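> Just need the structure, nothing else, for what follows:
(2 chains)
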Amino acid sequence: MADTHTDIPSWLTTPEHYRPGSDRDGFISRSLLSITSALAFFRLDDGREARFSPSAPIKLVVAFVCILLVSLSRNYLFVLVMLAALLVRACLLPQASLARMMGGAASAAAFSLVIMLPAILLGQAHAPLLLATKAFVSVGITLCVALTTPVWKLTHALRSFRVPSIAILTIDLALRSIVRLGETAAEVLCALSLRSVGRNRNKGAAIGGVGGVVLLKASRSSQETYDAMRCRCFDGEYRASSRATLKPADAAWALLLIGLVALFAYLQGLV
Amino acid sequence: MHIPENYLSPSTCALATVAMLPVWASAIKHVHEEVPREKIPLIGVAAAFSFLAMMFNIPLPGGTTGHAVCGTLIAILFGPWSATLAVSIALAIQAVFFGDGGILSLGANCLNMAFVLPFVGYSIYRALKDRLGGQRGELIAAGVGSYVGLNAAALLCALEFGIQPLLFHDASGAALYCPYPISVAVPAMMLGHLTVAGFAEVVFTVGILAFVRNAAPSFGIESHKAAPGIPTPILGLIVALIVACPLGLIATGDAWGEWSTEDLAGMVGYTPAGLGNGWEWSALMPDYAVGSLPAWVGYIISAVIGVALLVIIFRLMAGSARPAVDFDA
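Below you'll find the model as predicted:
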């Protein structure tokens, strides 16, 4: 039998006693965290319509008018009516959508309150509360629309409002690319954190590396997407047939919107 | 029974809040351990019953008003710890959004209505239910439990009011906070609650419990049937209560101990210093009212906002709860 010890190199037999120097990886973990949260926010492809949802164009109009009226309203009752309606709608959302909607809307309201904190401390709490309620309702409506409408229907709705095709293409690709490139950035940062053993003094240089990789990927991805769309006969035009998208529930929503505008006008007259 | 801002001294409020902290912690722990995840949203619906019951003001002897709380009802349906959590959140929403009850005195209000009331009511209910047996026996036990529970809470509330002039007064003997001593506060509070408000609590508790047992037997912790959503009869009852809640406006006047500072000054001849200079929270809809519009409009919008908020809070709570997976099954 051969002596096994002769096969092992001498450097392998000596204990290494390697102790990597401790280092803070706040930069990487914070970047990863912010990218992950941004990804979660932009991942809009889980929108599901409810039974009595209007068609996407009507939904966009209703949401836009509601946000506009809430912003213009000087009567607190109108804002509270909208708040009540939004909360009732939120009760009917699926669990995950409810958590996202409430999280987003509550964060916006809390941010408004923090901004207006000096006014509260000086005893003027009414205006900050009004502002926070308006922020809650506006962000809540926006998130509600995003969470209950598939992205392709939103694109479709934009086209039916005669928004230029190039703008829709840009928005559509941007929303999708943000998610894809965010995932790439997260992967690169994860690789960086795995390779950063011990003290790494050149973390600043890594920012350029991450940015460069993402830029190259973005360039290649956009070219591939464009080529794929050309192969599928996409000529840069989004075609939307306005006839097929309308639903019977739209009439009820249109009436509701008219009623809301009338209520707004009546309540504004009382101020 | 909602103690307003500045009627209790800051030290009394702090003591009550500190006393409630372990109770709230224990309530959260018990709810997560004892209530199945899919049933937690239904506690929000039960809390909505409590919220709406507290909006039905009833005229009491002496020109004041009172209301039911339904704490014992929630304790019967979901356990006393769930009732503590549900009524506490309902009281917090009332205080923050509608100015019903103070922010500083929230701990004291929760101690009375969210802890003492459901636990006393539920203990009596358990003791009587086992002896009486049957659905009729259950309803009688619920009625007696809710009556005693509400009056126990009212008595504690009266004592909290009554000790204020004894402990906190200036050199001239003028009260700094609530000016009425125990000899006035206890009879004044108990007269209305023993004669009318206690029976209102019985009507709400027994009526809703009988309805739930017949129309939606799966509503409640005792039923192990999975509840995919809010049962339709319960939803109908909530909507009916929301529509009917402006009836609470028929009772004019304030509840005992819930007067405005000006009204109190008119009654006792001076403004207690703590009330005059105390901190005041600017609620979203003070007293469930909106400007100069009819009171019933504000009442209905408040009811919708309150009920929706309670359902949302408990649904989010259910979402944060870990699913109980039994790997041995």
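> okay, CA-based contacts and neighbour counts for the rest of this
OK.
> Now do the same contact list for whichever residue of the stretch 201-329 of chain B sits closest to chain A.
Closest residue of the stretch 201-329 of chain B to chain A, CA to the nearest CA: residue B:305 (4.9 Å). By CA atoms under 8 Å, 6 or more residues apart in numbering or on different chains, the residues touching residue B:305 are A:83-84, A:87-88.
> Swap in 6 Å and give it another go.
residue A:84 (CA atoms under 6 Å, 6 or more residues apart in numbering or on different chains).
> The closest residue in space to residue B:27 that isn't next to it in sequence in helix, strand or coil?
Excluding the flanking residues, the one nearest residue B:27 by CA to CA, 6 or more residues apart in numbering or on different chains is residue B:81, at 4.8 Å. Three-state call for residue B:81 (DSSP: H, G, I helix; E, B strand; the rest coil): helix.
> Okay, and the closest residue to chain B within chain A sits in which element?
Proximity of chain A to chain B (CA to the nearest CA) peaks at residue A:84, 4.9 Å away. In this structure, residue A:84 sits in helix A:76-91 according to DSSP states H and E.
> After that helix, which helix or strand is next?
Following helix A:76-91 in sequence order, the next helix or strand is helix A:95-115 (DSSP H and E).
> Any buried residues in that next one, and which?
Within helix A:95-115, the residues that count as buried by 16 or more other CA atoms under 10 Å in any protein chain shown are A:95, A:97-102, A:104-110, A:112-113.
> Give me the average confidence score over the one helix or strand residue B:317 maps to.
Using DSSP H and E, the element containing residue B:317 is helix B:295-320. In this model, helix B:295-320 has a mean pLDDT of 90.
> Could you quantify the relative orientation of it and helix A:76-91 as an angle?
Put simply, helix B:295-320 runs at 30 degrees to helix A:76-91, going by axes from the mean of the first three to the mean of the last three CA atoms, to 10 degrees.
> quick revisit: who does the helix holding residue A:84 touch, helix- and strand-wise?
With contacts taken as 3 or more CA pairs under 6 Å, 6 or more residues apart in numbering or on different chains; DSSP states H and E, helix A:76-91 sits against helix B:295-320.
> coming back round to it: what sits closest to the residue of chain A closest to chain B if chain neighbours are left out?
Spatially, and ignoring its direct neighbours in sequence, residue A:84 is nearest to residue B:305 (4.9 Å; CA to CA, 6+ apart).
> Roughly how far does the one you found sit from residue A:91?
According to CA to CA, to the nearest Å, residue B:305 stands 11 Å off from residue A:91.
> can you check residue A:145 too?
15 Å.
> just the residues of the stretch 101-250 of chain B that are near chain A, which are they?
Residues of the stretch 101-250 of chain B lying near chain A by CA under 6 Å from any CA of the partner chain: none.
> Tell me where the stretch 101-250 of chain B is predicted with low confidence.
Along the stretch 101-250 of chain B, the model assigns pLDDT under 70 to residues B:223-228.
> Quick one: neighbours of residue 72, just the number.
Went with chain A since none was named. Taking other CA atoms under 10 Å in any protein chain shown as the criterion, the count of residues near residue A:72 is 13.
> if you could check chain B rather than the one you did, that'd help
When counting by other CA under 10 Å, one arrives at 37 neighbours for residue B:72.
> just residue A:142 next, same as before
Using other CA under 10 Å, residue A:142 has 18 other residues around it.
> Skipping its backbone neighbours, what lies nearest it in space?
Nearest residue to residue A:142 in three dimensions, chain neighbours excluded: residue A:63, at 7.0 Å (CA to CA, 6+ apart).
> what's the answer for residue B:215, then?
If the residues on either side of it in the chain are set aside, residue B:215 comes closest to residue B:233, at 6.3 Å by CA to CA, 6+ apart.
> And the helix or strand containing that neighbour, how far out from the chain middle?
Using DSSP H and E, residue B:233 falls within helix B:232-244. Chain-centre distance of helix B:232-244: 19 Å, with CA atoms, centre = their mean, to the nearest Å.
> Same question for stretch B:131-148.
Per CA atoms, centre = their mean, the centroid offset for stretch B:131-148 relative to its chain is 21 Å.
> Going by neighbour count, which residues in it are buried?
For stretch B:131-148, a neighbour-count test (16+ other CA under 10 Å) marks B:137-148 as buried.
> residues in contact with that stretch?
For stretch B:131-148, the external contacting residues (CA under 6 Å, 6+ apart) are B:72, B:121, B:124-125, B:128-129, B:198, B:202, B:206.
> Would you point out the most distant pair within those?
The span of the contacts of stretch B:131-148, defined through CA to CA, is set by B:129 and B:198 at 19.4 Å.
> And these two? Which one has more around it.
residue B:198 (25 against 20).
> now that one: how far from residue B:237?
22 Å.
> and if you look at residue B:251?
Here the criterion is CA to CA. By it, residue B:251 lies 22 Å from residue B:237.
> just residue B:46 next, same as before
Counting by CA to CA, the gap from residue B:46 to residue B:237 is 11 Å.
> dump the residue contacts of the nearest residue to residue B:310 once chain neighbours are set aside.
Using CA to CA, 6+ apart and skipping residues adjacent in sequence, the residue nearest residue B:310 is residue B:44, 5.2 Å away. With contact set as CA under 6 Å, 6+ apart, residue B:44 has these partners: B:310-311, B:314.
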